[in-house]
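Peer 1: Pasting the sequence and the predicted coordinates here, then a few questions.
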Amino acid sequence: MNTRISKREKALHACKIIFLVLAALIGLFPFYLVVMYAIKSPIDAANTNPLLPPHTIAWSNFTEAIEASNFFNASKNSLIVSISCVVLTILVCSMAAYAIARSTSRLYRILFYMFVASIMMPFQAIMFPLYKTWLDLGLLNTLPGLVLALLGVGIGYNIFLYTGFIKTVPRELEEAAMIDGASKYRIFFGIVFPLLKPVTMTVLVLGTLGAWNDFVVSMVIVQKEAVTTLPLTQVRFFGEYTTQLHLAFAGVLLAMIPVIILYFFTQKYIVGGVTAGAVKG
């Protein structure tokens, strides 16, 4: 009996390993294609199998992509938008979620369900009203306008995460601080907010990825060269009659480096933050 169980456990363990390896290969396959195209010459990119490595590595693709896409200006704009959007998201959503999680009012409960419902609303449904509103307010082709648009698009999901996580924080800590005479703002920023580190890191990573890689919202809000972000620069490599895949993927690979570094340093917080927020929300 023990032998049968042992063989069965070994077989299940082997199946799990095979499944995980296959899943990893599937996940890494797009990244492999990006790297292959990024180091191929124009001739190799057009004529060779995408899965095969190039005959010679064309390192010049990266310098050409930087010059053709005005990479450093776009990187600066993407950095400003990402940092501003994440900071505002963390402050606004954490405070709003705290008010919702600690209130027993029916109004706050209705607001929470409205935020949750906004998660399911596609951006295409609000694209034209957003464009008209931003045009009237003079926010088109400005970085603040893009930051506010991205903040509004992601606010529902982030409040959902924060609300669920705040419900796991014991109320006794806040009640003890209230007895000592602490104000609500001091209780939140001095006691509650430091305990939200896992979900805050989750929002930081997901918000940075969303703002850094956003294309659809950015395409609607900004069109001028001075405020172009990195995803919008990729359009330049796809013309009506020619497509410069080698330069496009070289630019994509360069743009991926900062968010990959951020993800590796903060990945341990993501699962815990999402799981706690989703379960309690």
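Peer 2: Sure, I can see it. Numbering: from 1, shown residues only.

Peer 1: Next, the contact list for Tyr157, please.
Peer 2: Ile119 (Cβ atoms under 8 Å, 6 or more residues apart in numbering). Using the backbone N, CA and C atoms, a C-beta is placed for each residue, glycine as well.

Peer 1: Check the burial of Lys132 by counting its neighbours.
Peer 2: Number of residues near Lys132 (other Cβ atoms under 10 Å) recorded here: 11.

Peer 1: Please apply the same query to Met36.
Peer 2: Counted with other Cβ under 10 Å, Met36 comes out at 20.

Peer 1: so what secondary structure elements neighbour the helix or strand harbouring it?
Peer 2: Per DSSP states H and E, Met36 falls inside helix 2-38. In terms of contacts (3 or more Cβ pairs under 8 Å, 6 or more residues apart in numbering; DSSP states H and E), helix 2-38 is packed against helix 245-280.

Peer 1: try 10 Å this time
Peer 2: Applying 3 or more Cβ pairs under 10 Å, 6 or more residues apart in numbering; DSSP states H and E, one finds that helix 2-38 contacts helix 42-47, helix 60-68, helix 245-280.

Peer 1: Mean pLDDT lowest where, among these?
Peer 2: In terms of mean pLDDT, the lowest-scoring of the helices and strands packed on helix 2-38 is helix 245-280 (a mean of 74).

Peer 1: quick one: Tyr98 and Leu195 touch, right?
Peer 2: No: assessed by Cβ atoms under 10 Å, Tyr98 is found out of contact with Leu195, at 11.1 Å.

Peer 1: residues shared between the contacts of the two?
Peer 2: Here Tyr98 and Leu195 have Ile166, Val169 as joint contacts, going by Cβ atoms under 10 Å, 6 or more residues apart in numbering.

Peer 1: Of the two, which one has the most company?
Peer 2: Tyr98 (21 against 15).

Peer 1: re the thing from before, mind listing what's buried in the helix holding Met36?
Peer 2: Val34, Val35, Met36, Tyr37, Ala38 (16 or more other Cβ atoms under 10 Å).

Peer 1: Let me know the pLDDT of the last one.
Peer 2: When you say that, I think you mean Ala38. Confidence at Ala38, expressed as pLDDT, is 91.

Peer 1: any idea how far it is from Ser69?
Peer 2: Ala38 sits 13 Å away from Ser69, going by Cβ to Cβ, to the nearest Å.

Peer 1: Mind listing the shared neighbours of those two?
Peer 2: With Cβ under 10 Å, 6+ apart as the test, Ala38 and Ser69 both reach Leu247, Ala248, Ala250, Gly251, Leu254.

Peer 1: The first one reaches Arg236, doesn't it?
Peer 2: Yes: in this structure, Leu247 sits in contact with Arg236. The criterion is Cβ under 10 Å, and the distance is 8.7 Å.

Peer 1: tell me how far the helix holding Met36 is from the chain's mean position?
Peer 2: 26 Å (Cα atoms, centre = their mean, to the nearest Å).

Peer 1: same deal with stretch 241-251?
Peer 2: Averaging C-alpha positions (Cα atoms, centre = their mean) puts stretch 241-251 24 Å from its chain's average.

Peer 1: just to revisit the earlier point, ranking the shared contacts of Ala38 and Ser69 by neighbours, who comes first?
Peer 2: Busiest of the shared contacts of Ala38 and Ser69 [other Cβ under 10 Å] is Ala250, holding 30 neighbours.

Peer 1: give me every residue that touches that residue.
Peer 2: 34-35, 37-40, 58-66, 68-69, 71, 237, 244.
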